[in-house]
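Asks: Got a predicted model here, sequence first, then my questions.
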Amino acid sequence: MFKIDVDNINGKTESLYVYGEQSILTELEEHNVLLNHSCRQGHCGSCVLLLLQGDVVHQDCLVPLSQGEILACQSKPITDIKIGSRN
Ligand code: FES
């Protein structure tokens, strides 16, 4: 089980505990932390988050990402992580 520290995403700062089997986007939704998203397939880029600590496994995507950015719909935690919004 992994801990996701959510750092002020849509006004929420809290810690979630997950198994790492679902995307970060799905995990956040299940914990009522709602993110912008559209395609859920790594194409639109609307679910970009900052990975502040820890590691994720990230599926291929077409969206150019800067250092430290992840797509919530395409990544799953493989360690405890801390995430924040890009803005
Ligand atoms: S929802 Fe479109 S890239 Fe994640």
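Replies: That came through, no problem.
Asks: What is the burial count for residue 10?
Replies: Neighbourhood size, residue 10 [other Cβ atoms under 10 Å]: 12. The way it works is simple: take the backbone N, C-alpha and C, and place the C-beta from them, glycine included.
Asks: What of residue 35?
Replies: 18.
Asks: what residues are up against it?
Replies: By Cβ atoms under 8 Å, 6 or more residues apart in numbering, the contact list for residue 35 reads 9-10, 25, 28-29, 47, 49, 72.
Asks: Try it again at 6 Å.
Replies: Residues near residue 35 by Cβ atoms under 6 Å, 6 or more residues apart in numbering: 28, 47, 72.
Asks: The residues you listed: which ones sit near the ligand?
Replies: Contacts with the ligand are made by residue 47 out of the contacts of residue 35, judged by Cβ under 6 Å from any ligand atom.
Asks: Residue 63 - nearest residue in space that isn't next to it in sequence?
Replies: Spatially, and ignoring its direct neighbours in sequence, residue 63 is nearest to residue 45 (4.0 Å; Cβ to Cβ, 6 or more residues apart in numbering).
Asks: Fine, thanks again, bye for now.
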